[in-house]
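Visitor: I'd like to go over a predicted model; first the sequence, then the structure.
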Number of protein chains: 2
Amino acid sequence: MTKERAYFEAVTLKEHGRWCPNNVPEVFHFDRTMSLIAMRYLEPPHIILRKGLIAGVEYPLLAEHISDYMANTLFYTSLIYRSTTEHKKAVAEFCGNVELCRLTEQVVFSDPYKVSEYNHWTSPYLDEDAEAVRNDDGLKVEIAELKSKFCERSQALIHGDLHTGSVMVTHDSTQVIDPEFAFYGPMGFDIGAFLGNLILAYFAQDGHAVGENDRKNYKEWILKTIEDTWNLFRKKFTALWDKHKDGSGEAYLPAIYNNPELQLLVQKKYFEDLLHDTVGFGSAKMIRRIVGVAHVEDLESIADPSKRATCEKRALCLAKMLLKERRKFHDISEIVSAVRNVQ
Amino acid sequence: MTKERAYFEAVTLKEHGRWCPNNVPEVFHFDRTMSLIAMRYLEPPHIILRKGLIAGVEYPLLAEHISDYMANTLFYTSLIYRSTTEHKKAVAEFCGNVELCRLTEQVVFSDPYKVSEYNHWTSPYLDEDAEAVRNDDGLKVEIAELKSKFCERSQALIHGDLHTGSVMVTHDSTQVIDPEFAFYGPMGFDIGAFLGNLILAYFAQDGHAVGENDRKNYKEWILKTIEDTWNLFRKKFTALWDKHKDGSGEAYLPAIYNNPELQLLVQKKYFEDLLHDTVGFGSAKMIRRIVGVAHVEDLESIADPSKRATCEKRALCLAKMLLKERRKFHDISEIVSAVRNVQ
């Protein structure tokens, strides 16, 4: 890690921890000169969520916890809660985390759509699929829009890399770690990263099924977790919004928006736009994990390449459709149906 | 002016002047301690464009010049030309111009939509119209989206106050002044400010018509200037894009987008989105000049309040419709038709 990475990681752990202390490990001390973070040790049986998903372990509180994390960290660092003055000051500071933003731009929004020495995939099974991604003009038009949103929209202090490898869990604890990619970006990038990685975990299950353990129930649990995460996030974010609607947030001044009917209208539009961002970014994250540089263990750990390729093709097919058609979806249940309907 | 205003004005004059020296007055010296800008004196017969529009003077090169200014300043400070590293550094610096951003937020996106001691309008003629703006939920939903874009989207270094009072003209010179509101924001805010103020000038003409000088031809010249400005802007911005398509701009990497068919597709989408932003911001600027704190001389100089109110009602009616329906328009000629069709 460069020194800057450690700095932005520490600042974000503290800022996110301030708003969601139950799901962010506490920072005891940060020494900028030494780039040293002293933080809570996440004791056993905490494991990386991705490992749990591969093992087929259900975490009954996961949706509850991660929606707490998303709702609190995103709401309190957005202009719905904050003043412009606070916001611009924070945005300016995080512009300094440019190296890691550049890395994300490259691996998520660029490499999968061009010939790159870093790209790889399950060959030869996915050779044509990888080429199809590189030749899909409709997909490239959409990824350009998402990339510009990623680079230009300072909506909230996002984690920036919220996949299932950045979450540690036990049966009753959920801890979000490794926010070194954090900056002021679009909220949908965080929510999409998490949900997109759950969808990858879902498609990987058929590769992990052995004998009687067909993972059918587990796949249903994943789908339920996807739906619950979004719905709980929306509910909690809305509750925070309602709670602070008379506060000093810049985006929706009480003198203009404090009227129940209008509040509903505004929130409906807000979450519809956010769902489209979430689905777009989530799909981009799925695509890059199948034909880009860094893959996910959920799929990589499927030893039989033909079986792995089948899982990957399903995920890729869904992600391409969702990325292009995302504006046609209005509810998370429609997304879950689309996942379920992939053959 | 506070000291910060002078600093951001000087930096922007220099940066915009670098990319469009013919339409930005040269800065000879800036002293930050003294907040002193030594710049080119815009000699007579340069006058403020707004004064010329009120007097009914045609400027045959206006669309050509202002489209040069917009295309160059916006293109070269965007991620289509720049790297992420340069962009984030510049964005961070301009986050410091927060006081003037807050002022814009208040007067453009807030005050007209609530009861405010600063608001005024041609009373009693527009009393109901002003109230209707404050009670229009559909309008408030849309203005919220535009406000969030203004606060969150760092698309390019925009002038931030590009109305017809920020432009000095002669028959063959066009100079853009007073960029103290500059920051990294949405391009459509600049283009919309200029076009929206031309539309206000158009509707004010009936109030300035006397005797045989019915201003009919002049109104046509204004409409032509609106259409030409957008079309020339689009043409020149596209030419810059094509010229630099193999450069180091971050948004559209050549390895992905360097294919003529895709390039056309991407640009079509880009300008369609930008037109919607332009129309939205332009409409917001019109509304605020009729029922907000600061009005425009085009309308204020119409002495007869009943005549002035008639002009204002037409402009307001159009602006409300455009703001709400902007996504239905695909071409500047459709906007011009909508202006022409107002009764």
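Guide: Good, I have the coordinates. Numbering: from 1, shown residues only, chains lettered A, B, ... in the order given.
Visitor: what about the helices in the stretch 151-300 of chain A?
Guide: Taking DSSP state H, counting those that start in this stretch to define them, one finds helices in the stretch 151-300 of chain A at A:187-208, A:216-243, A:254-257, A:260-291, A:297-300.
Visitor: In JSON lines: these, plus distance to residue B:292.
Guide: (Each C-beta comes from the backbone N, C-alpha and C, glycine too.) As requested, the helices of the stretch 151-300 of chain A are exported to JSON lines (distance: least, C-beta to C-beta, whole Å):
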{"stretch": "helix A:187-208", "distance to residue B:292": "31"}
{"stretch": "helix A:216-243", "distance to residue B:292": "26"}
{"stretch": "helix A:254-257", "distance to residue B:292": "13"}
{"stretch": "helix A:260-291", "distance to residue B:292": "20"}
{"stretch": "helix A:297-300", "distance to residue B:292": "54"}
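Visitor: got the residues of the stretch 1-150 of chain A near chain B?
Guide: Within the stretch 1-150 of chain A, the positions adjacent to chain B are A:79, A:84-85, A:87-89, A:91-93, A:95-96, A:98, A:101-102, A:105, A:110, A:113-116, A:137, A:140-141, A:144-145, A:147-148 by C-beta under 8 Å from any C-beta of the partner chain.
Visitor: Let's see that with 6 Å instead.
Guide: Residues of the stretch 1-150 of chain A lying close to chain B by C-beta under 6 Å from any C-beta of the partner chain are A:79, A:84-85, A:88, A:91-92, A:95, A:98, A:102, A:110, A:113-114, A:137, A:141, A:144, A:148.
Visitor: follow-up on the earlier one: tell me the most buried of the helices of the stretch 151-300 of chain A?
Guide: With neighbours taken as mean count of other C-beta atoms under 10 Å in any protein chain shown, those reach their highest mean count in helix A:187-208, at a mean of 26.
Visitor: and it with helix A:260-291, angle?
Guide: 50 degrees (axes from the mean of the first three to the mean of the last three C-alpha atoms, to 10 degrees).
Visitor: From residue A:200, how far out is residue A:295?
Guide: For residue A:295, the distance to residue A:200 equals 9 Å [C-beta to C-beta, to the nearest Å].
Visitor: what's the most distant pair in the residues of the stretch 1-150 of chain A next to chain B?
Guide: Greatest spatial distance among the residues of the stretch 1-150 of chain A next to chain B (C-beta to C-beta): A:85 and A:137, at 42.7 Å.
Visitor: ok, now which ones touch the closest residue to chain B within the stretch 151-300 of chain A?
Guide: Closest to chain B within the stretch 151-300 of chain A is residue A:255: 4.1 Å, counting by C-beta to the nearest C-beta. Contact partners of residue A:255, counting by C-beta atoms under 6 Å, 6 or more residues apart in numbering or on different chains, are residue B:114.
Visitor: I'd like to know how many residues surround the residue nearest to residue A:248 when sequence neighbours are not counted.
Guide: Once flanking residues are discounted, residue A:248 sits nearest to residue A:83: 5.5 Å by C-beta to C-beta, 6 or more residues apart in numbering or on different chains. As a burial measure, residue A:83 scores 15 neighbours (other C-beta atoms under 10 Å in any protein chain shown).
Visitor: What confidence value was assigned to residue A:83?
Guide: In this model, residue A:83 is scored at 97, pLDDT.
Visitor: Does it touch residue A:249 like I think?
Guide: No. With contact defined as C-beta atoms under 6 Å, residue A:83 does not count as touching residue A:249 (7.5 Å).
Visitor: how many neighbours does the nearest residue to residue A:231 once chain neighbours are set aside have?
Guide: Among residues not flanking residue A:231 along the chain, residue A:332 sits closest, at 6.3 Å (C-beta to C-beta, 6+ apart). By the criterion of other C-beta under 10 Å, residue A:332 has 21 neighbours.
Visitor: And for residue A:40?
Guide: Counted by other C-beta under 10 Å, the residues lying close to residue A:40 total 14.
Visitor: quick one on the thing from earlier: quick one: the residue nearest to residue A:231 from chain B, how far?
Guide: Distance, residue A:332 to chain B, using C-beta to the nearest C-beta, to the nearest Å: 22 Å.
Visitor: Can you give me the neighbour number for the closest residue to chain B within the stretch 101-250 of chain A?
Guide: Nearest to chain B, among the residues of the stretch 101-250 of chain A, is residue A:114, at 4.1 Å (C-beta to the nearest C-beta). A count of neighbours around residue A:114, defined by other C-beta under 10 Å, yields 16.
Visitor: Which residues are in contact with it?
Guide: Residue A:114 is in contact with B:255, B:256, counting by C-beta under 6 Å, 6+ apart.
Visitor: rerun at 10 Å
Guide: With contacts defined as C-beta atoms under 10 Å, 6 or more residues apart in numbering or on different chains, residue A:114 is in contact with A:133, A:134, A:140, B:253, B:254, B:255, B:256, B:257, B:258.
Visitor: On the pLDDT front, check it for me.
Guide: For residue A:114, pLDDT reads 98.
Visitor: circling back: does the residue nearest to residue A:231 touch residue A:230 like I think?
Guide: Yes. Between residue A:332 and residue A:230 a contact is recorded at 4.0 Å, counting by C-beta atoms under 10 Å.
Visitor: quick one: common contacting residues for these two?
Guide: A:195, A:271, A:275, A:278, A:279.
Visitor: Quick check, residue A:53 in contact with residue A:203.
Guide: No. Judged on C-beta under 10 Å, residue A:53 makes no contact with residue A:203 at a distance of 11.4 Å.
Visitor: list the residues that contact both of these two?
Guide: The contact sets of residue A:53 and residue A:203 overlap at A:222, A:298 (C-beta under 10 Å, 6+ apart).
Visitor: the residue most distant from the middle of chain A, which is it?
Guide: In chain A, the residue that sits farthest from the middle, by C-alpha atoms, centre = their mean, is residue A:255; the gap is 33.9 Å.
Visitor: What ranges in chain A fall below the confidence cut-off?
Guide: Within chain A, the ranges that satisfy pLDDT under 70 run A:1.
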